[in-house]
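# sharing a model that was predicted from the sequence below.
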Amino acid sequence: MTASILIVEDEMLVALEMESILEDEGYDVIGVAADLPGTLAYADRKIDLALVDLNLRDGLTGPQIGERLANEHKAGVLFITANPRLLGDGISGTIGVLTKPTDKASLTSAVAFALRRLRGEAAEAPPTLLCFG
C-alpha cells in the first residue's frame, strides 16, 4: 500500500525535488502547499504523512500547520527545516524533524521511518532525524 504525502514548502525548487524523490520511491504526493491556506485546501483529503517546513510564505506558520494536521486531521507530521531549534522540545502529536539541507538518502529513510512508526511497527530512527517523544 502506498502512502499519501503532502509537502508543505514554499521554496518551489526544494518542494519539486522532494516530490520527485518521493514519487520515484513509489509514494503518492497529493500536493505541495506554500502556506497555511494552501495546506488547509488539502486537509479534507487522506494525508498519511505531511512534510512541513517552518518558515513559509505566510511566516512562521509551520508549527501551527504541523500541530493542526497531527491533532485535528490525524496526519503524521515530519518537520523539514533549516531551523530545528525553533521547535524546542517538539509539537504534540508530531514525529520529529529532519534538518535541511537534506539529501535523497536522508529524506527517504526519514519518510520510511515515519511511516513505520505511524503503522505501529518497530523502527529505529535514522541518524539524521531528531525524534519527538
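Looks like it arrived, so ask away. Note that this is a predicted model, so its numbers are computed, not measured.
# what segments of the protein are strands?
4-8, 28-33, 49-52, 76-81, 96-99, 129-131 (DSSP state E).
# any idea which of those strands gets closest to Glu19?
With C-beta to C-beta as the measure, strand 28-33 is the member of the strands of the chain nearest Glu19 (4.8 Å). Every residue, glycine included, has its C-beta placed from N, CA and C.
# partner strands of that closest one, with direction?
strand 4-8 (parallel) (DSSP bridges).
# and the strand it pairs with, how far out from the chain middle?
Distance of strand 4-8 from the chain centroid (C-alpha atoms, centre = their mean, to the nearest Å) equals 7 Å.
# could you do stretch 46-60 as well?
How far stretch 46-60 lies from its chain's middle: 7 Å, per C-alpha atoms, centre = their mean.
# what residues does it touch?
With C-beta atoms under 8 Å, 6 or more residues apart in numbering as the contact definition, stretch 46-60 has outside contacts at 3-11, 18, 30, 34-37, 39, 62-63, 65-66, 69, 73, 75-81, 83, 86-87, 100, 111, 114-115, 118.
# list the buried residues of the longest helix seen in the chain.
Longest helix in the chain by number of residues (criterion: DSSP state H): helix 104-118. For helix 104-118, burial by neighbour count (16 or more other C-beta atoms under 10 Å) applies to Ser106, Leu107, Thr108, Ser109, Ala110, Val111, Phe113, Ala114, Leu115, Arg117, Leu118.
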